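J.: Turn this into a structure:
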Amino acid sequence: MNRRFAIQVALVFLLALAVKFVYLHERLQLPDLLHPTMDSRFHDEWAIGLASGRWTPDLAKLQHEPYFRAPLYPYFAGLVYRVFGYDPAMLLRIQAIIGSMSVALVFLLTRQLFGTIVAWIAAALHVGYWPLTYHDAERLLEVIAIPLNIAVMVLLVSAACTRRVTVTLLAGICLGASAITRPTILVVAPLAVVWLWKRLTDRRQTHVGAFAIAACLVILPVTLRNAVIGKDFVLIASQGGVNFFIGNNAESDGLRAVVPGTPADWWGGYYATRRIAENAIGRPLRPSEVSRYWYRRAAAFLANEPKLALRLYVRKAALLLGNSEVSNERQLYFRRDASKTLSHLRVNFALLLAGAVVGAIGSVRSVRSDGESFSSRLDQWLPYLCGFVYAIAILAFFVSSRHRLPLAVFLIPGCAHGLSLVIQSASARNWRRLGAYGAPFLVVLALSLWNPLHVGELADARGHYSLGVDEFRNENYRAAIDELNASLREDDRYAPTWRMRGWARARLDSVDAAIEDLRRACALDSSQAESFFRLGVVLQMAGRHAEAEPLYLRCIRLEPNSVQALNNLADVYLRQDRVDEALPYLRRALAADSTFPNALYGLGYYHERKGNLTAAREAYARIPDFPPARARMAVLRDESYRGPPRAP
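T.: Numbers count the residues shown, from 1 in each chain. Take a look at the predicted model:
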């Protein structure tokens with residue numbers, strides 16, 4: 001790398017970093033910084049556990065099983081927390097640096113393929129594509145996977161040019177690292193092997209072997225850990241079957257990442273999918289067996305409902321190739337419109353797709369005009385081929401903006417090439433060639449911009465809802481209600497908004513209003529256990545125990561392992577002097593979580609009521625830091641003890 005080129009790469013990196021840091025300044029002001037949701041929360045809690053050893057009860061159980069999700073990103077975040085303490089802002093700053101490195105790598109790759117001018121266009125496209133900047137500031141794994149994917153292509157092209165096996169080894173290492181970040185990239189591995197074989201003329205076996213062995217050696221420790229600690233054969237992660245079924249069932253819409261009939265929250269969905277599989281098979285299952293169960297159900301749908309499956313795949317293709325960014329965790333368009341930085345980044349997916357199509361047409365025309373074979377331009381075709389294979393992999397599951405990001409990056413070099421051809425044709429006033437490039441560009445652009453599925457139409461409603469949840473978690477209950485009111489003005493048919501507003505009103509002691517909102521949430525969507533649970537809690541807080549009982553029972557029918565619902569139902573029975581009816585639910589709660597303090601306290605109280613003081617002391621002794629238990633222990637040590645109070 002000469003000095004001038006090094007300066008160009010550094011300049012690209014710094015310009016990208018400036019944009020990402022400006023956006024990051026806005027991002028750090030948002031109320032969800034300390035309260036991530038869904039996958040971001042899972043990654044964050046996993047990283048905290050790795051850094052400090054403080055595991056949530058759910059994650060503590062997973063430490064003895066094969067990885068459910070690929071581990072590299074949580075380990076990266078855990079390392080940051082280990083070095084700097086729990087500092088999400090520092091983590092996101094480091095991610096902004098890594099995201100800027102992605103821009104520099106795209107510049108490097110495009111320069112290898114099409115030259116410096118096109119490389120500058122590619123860098124501008126990468127910086128201008130706002131979902132990339134947005135996701136670089138989230139606790140999601142794309143920030144690691146994307147630079148690794150680009151590095152694989154850069155190193156493959158370099159290996160083909162230099163014939164150096166060490167470069168091929170590095171390409172394999174990057175592919176393996178990307179696979180233990182998001183395993184989907186493994187679909188590119190066979191393509192990379194074939195590409196190397198076709199591209200190289202000597203020492204083919206050595207290069208292909210080095211690439212494959214290096215990738216396998218990176219993945220191998222994860223597989224061994226799953227076998228030794230998890231006692232199960234799982235290559236990287238065990239979530240594949242569930243995700244495949246999500247995208248291949250009769251109720252799938254191609255974008256909603258929830259198994260039909262299971263809770264929409266992360267852990268509720270995890271336990272429900274496992275329970276369904278075990279109930280169907282009739283025995284406890286290993287994670288690999290759970291995954292195979294869901295793969296088989298998805299395969300049965302594809303085999304038995306071919307017409308419905310075809311319609312579903314047409315819909316997923318429209319979502320994949322359409323311009324609309326499908327939200328998965330946060331409402332992307334709401335966040336974009338609220339950000340001064342993102343709202344000025346105007347590159348969209350339709351532009352990337354249309355430009356890449358023109359770039360492909362230009363590559364075909366140049367091959368024909370020069371009388372060359374396609375194999376002579378294999379370097380230029382590498383991003384296209386990777387993008388095509390990766391797109392098929394996305395279609396096999398479900399579509400969202402963040403899952404599509406690697407495809408968008410694969411399109412960037414070809415798009416930059418296509419835009420340069422259009423610009424050159426216009427500058428040279430070569431109208432015939434401009435028409436040959438401009439017509440397909442406009443057709444693809446228009447088709448991609450078309451939004452027949454109405455994606456994003458409720459972005460404002462869902463965006464205000466998310467902000468309301470964030471304000472609630474920060475204990476700003478009035479601000480939360482304001483955001484939730486704004487959400488309801490946009491869409492008053494969304495049950496979670498009513499539920500959250502009811503919960504916020506309960507925190508402000510507006511009990512009657514809270515009950516009204518929670519009843520509305522239950523009526524709008526009777527499949528959400530959380531609505532019934534929270535309504536039960538508010539009624540119980542108001543002393544209306546008889547009304548709370550059927551709500552907890554309904555919640556337990558929907559989520560049989562809901563520890564809090566099981567415990568609260570037992571509490572209702574204890575408060576109504578139905579002591580014997582409480583015991584089975586206390587036992588079920590403790591079977592699900594043997595350390596849950598409220599259930600242990602309830603068990604101690606049950607034994608007090610039954611006169612078994614030794615068992616009561618044992619239960620209380622298991623929760624010495626729980627104030628009510630300490631108080632009961634003190635009472636039990638009093639020689640004048642005359643029995644428990646009538647209610648805990």
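
J.: The stretch 251-400 of the chain: helices as residue ranges?
T.: For the stretch 251-400 of the chain, the helices defined by DSSP state H, counting those that start in this stretch occupy 266-281, 287-304, 306-321, 332-338, 349-370, 378-396.

J.: so what does the helix or strand where residue 171 lies touch, helix or strand wise?
T.: According to DSSP states H and E, residue 171 maps onto helix 165-179. Counting contacts by 3 or more Cβ pairs under 8 Å, 6 or more residues apart in numbering; DSSP states H and E, helix 165-179 is packed against helix 142-162, helix 188-199, helix 204-228. All C-beta spots, glycine's among them, are computed from the backbone N, C-alpha and C.

J.: buried stuff in it?
T.: Residues of helix 165-179 classed as buried: 167-179 (neighbour count, 16 or more other Cβ atoms under 10 Å).

J.: Now render the residues you listed as CSV, adding pLDDT.
T.: Output for those, formatted as CSV (pLDDT from 0 to 100):
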residue, pLDDT
167, 94
168, 94
169, 96
170, 96
171, 95
172, 96
173, 96
174, 97
175, 97
176, 97
177, 97
178, 97
179, 96
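
J.: can you redo those residues as CSV with distance to residue 522?
T.: Converted to CSV, these look like this (distance: Cβ to Cβ, whole Å):
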residue, distance to residue 522
167, 61
168, 59
169, 58
170, 56
171, 54
172, 54
173, 52
174, 50
175, 49
176, 48
177, 46
178, 44
179, 43
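
J.: ok, the residues you listed vs residue 142, which is closest?
T.: Checking the buried residues of helix 165-179 against residue 142 with Cβ to Cβ, the nearest one is residue 178 at 10.7 Å.

J.: my guess is the closest one meets residue 155, correct?
T.: No - checked against Cβ atoms under 8 Å, the pair residue 178 and residue 155 is beyond contact range at 11.9 Å.

J.: List the neighbours of stretch 48-64 that are in contact with it.
T.: For stretch 48-64, the external contacting residues (Cβ atoms under 8 Å, 6 or more residues apart in numbering) are 45-46, 68, 74-75, 78-79, 81-82, 86, 229-230, 267, 270, 593, 595-596.

J.: Go again with 7 Å.
T.: By Cβ atoms under 7 Å, 6 or more residues apart in numbering, the residues outside stretch 48-64 that reach it are 45-46, 68, 74-75, 78, 81-82, 86, 229, 267, 593, 595.

J.: Check which residues of it are buried.
T.: Within stretch 48-64, the residues that qualify as buried by neighbour count (16+ other Cβ under 10 Å) are 48-51, 55, 59, 62.

J.: Out of those, which two sit at the greatest distance?
T.: With distances taken as Cβ to Cβ, the most widely separated pair in these is 51 and 62, at 16.2 Å.

J.: quick one, what contacts residue 606?
T.: Neighbouring residues of residue 606 by Cβ under 7 Å, 6+ apart: 574, 579, 582-583, 586.

J.: any idea which of those residues has the most stuff around it?
T.: Within those, residue 586 tops the neighbour count with 27 neighbours, counted by other Cβ atoms under 10 Å.

J.: Hmm, that residue is touching residue 602, no?
T.: Yes - applying Cβ atoms under 7 Å as the test, residue 586 and residue 602 come out as touching, 5.2 Å apart.

J.: intersection of neighbour lists for these two?
T.: Residues touching both residue 586 and residue 602 (Cβ under 7 Å, 6+ apart): residue 570.

J.: Residue 5 belongs to a helix?
T.: Yes - Residue 5 sits within a helix when classified using DSSP: H, G, I helix; E, B strand; the rest coil.

J.: That one: neighbour count?
T.: Close neighbours of residue 5, defined as other Cβ under 10 Å, add up to 14.

J.: Filter the contacts of stretch 48-64 down to just the buried residues.
T.: Counted by 16+ other Cβ under 10 Å, the contacts of stretch 48-64 give 45-46, 68, 74-75, 78, 81, 86, 267, 593 as buried.

J.: okay, who's weakest in the residues you listed by pLDDT?
T.: Within those, residue 593 has the lowest pLDDT, namely 79.

J.: which residues touch that one?
T.: By Cβ under 7 Å, 6+ apart, the neighbours of residue 593 are 57, 563.

J.: ok, it to residue 566 distance?
T.: Distance of residue 593 to residue 566, computed by Cβ to Cβ, to the nearest Å: 10 Å.

J.: what's the answer for residue 510, then?
T.: 28 Å.

J.: Assess the claim that residue 172 and residue 210 are in contact.
T.: Yes - between residue 172 and residue 210 there is a contact at 6.5 Å, judged by Cβ under 7 Å.

J.: Might you report the residue contacts of residue 565?
T.: Listed by Cβ under 7 Å, 6+ apart, the contact set of residue 565 reads 533, 552, 555-556, 559.

J.: ok, 10 Å please
T.: Contacts for residue 565 (Cβ atoms under 10 Å, 6 or more residues apart in numbering) come out as 529-530, 532-533, 536-537, 551-559, 585, 588-589.

J.: from these, which ones fall inside strands?
T.: Of the contacts of residue 565, none are assigned to strands by DSSP state E.

J.: Mark which of these are buried, thanks.
T.: Buried subset of those (neighbour count, 16+ other Cβ under 10 Å): 529-530, 532-533, 536-537, 551-552, 554-556, 558-559, 585, 588-589.

J.: coming back round to it: mean pLDDT and distance to residue 428 for the helices and strands packed on helix 165-179 - can I get that in a markdown table?
T.: Below are the helices and strands packed on helix 165-179 laid out as a markdown table (pLDDT from 0 to 100; distance: least, Cβ to Cβ, whole Å):
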| stretch | mean pLDDT | distance to residue 428 |
| --- | --- | --- |
| helix 142-162 | 94 | 29 |
| helix 188-199 | 92 | 32 |
| helix 204-228 | 94 | 40 |
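
J.: Point out the most buried one among the ones you listed.
T.: With neighbours taken as mean count of other Cβ atoms under 10 Å, those reach their highest mean count in helix 142-162, at a mean of 24.

J.: who does it touch, helix- and strand-wise?
T.: Contacts defined by 3 or more Cβ pairs under 10 Å, 6 or more residues apart in numbering; DSSP states H and E place helix 142-162 against helix 72-84, helix 88-114, helix 130-136, helix 165-179, helix 188-199, helix 204-228, helix 378-396, helix 401-427.

J.: May I see the buried residues of stretch 621-636?
T.: Within stretch 621-636, the residues scored as buried using 16+ other Cβ under 10 Å are 622-623, 626, 629, 632-633, 635-636.

J.: so which pair among those residues is furthest apart in space?
T.: With Cβ to Cβ as the measure, no two of those lie farther apart than 622 and 635, at 17.0 Å.

J.: out of the buried residues of stretch 621-636, who's nearest residue 33?
T.: For these, the residue nearest residue 33 by Cβ to Cβ is residue 626; the value is 30.1 Å.

J.: Does the closest one touch residue 600 like I think?
T.: Yes - judged on Cβ atoms under 10 Å, residue 626 makes contact with residue 600 at a distance of 7.5 Å.

J.: Find the residues that touch each one of these two.
T.: Joint contacts of residue 626 and residue 600 (Cβ under 10 Å, 6+ apart) are residue 620.

J.: Just give me how far the lowest-mean-pLDDT helix or strand in the chain sits from the chain centre.
T.: Least confident helix or strand, the chain: helix 627-637 with a mean of 78, by mean pLDDT, DSSP states H and E. Chain-centre distance of helix 627-637: 44 Å, with Cα atoms, centre = their mean, to the nearest Å.

J.: Give me the distance between the nearest residue to residue 603 once chain neighbours are set aside and residue 383.
T.: Excluding its sequence neighbours, the residue lying closest to residue 603 (Cβ to Cβ, 6 or more residues apart in numbering) is residue 619, at 4.5 Å. Between residue 619 and residue 383 the computed distance is 62 Å (Cβ to Cβ).

J.: More neighbours: the two, which one.
T.: Taking neighbours as other Cβ under 10 Å, residue 619 and residue 383 compare with residue 383 leading, 27 against 24.

J.: what residue ranges in the chain score low on pLDDT?
T.: Within the chain, the set of residues satisfying pLDDT under 70 comprises 1, 367-376, 638-648.
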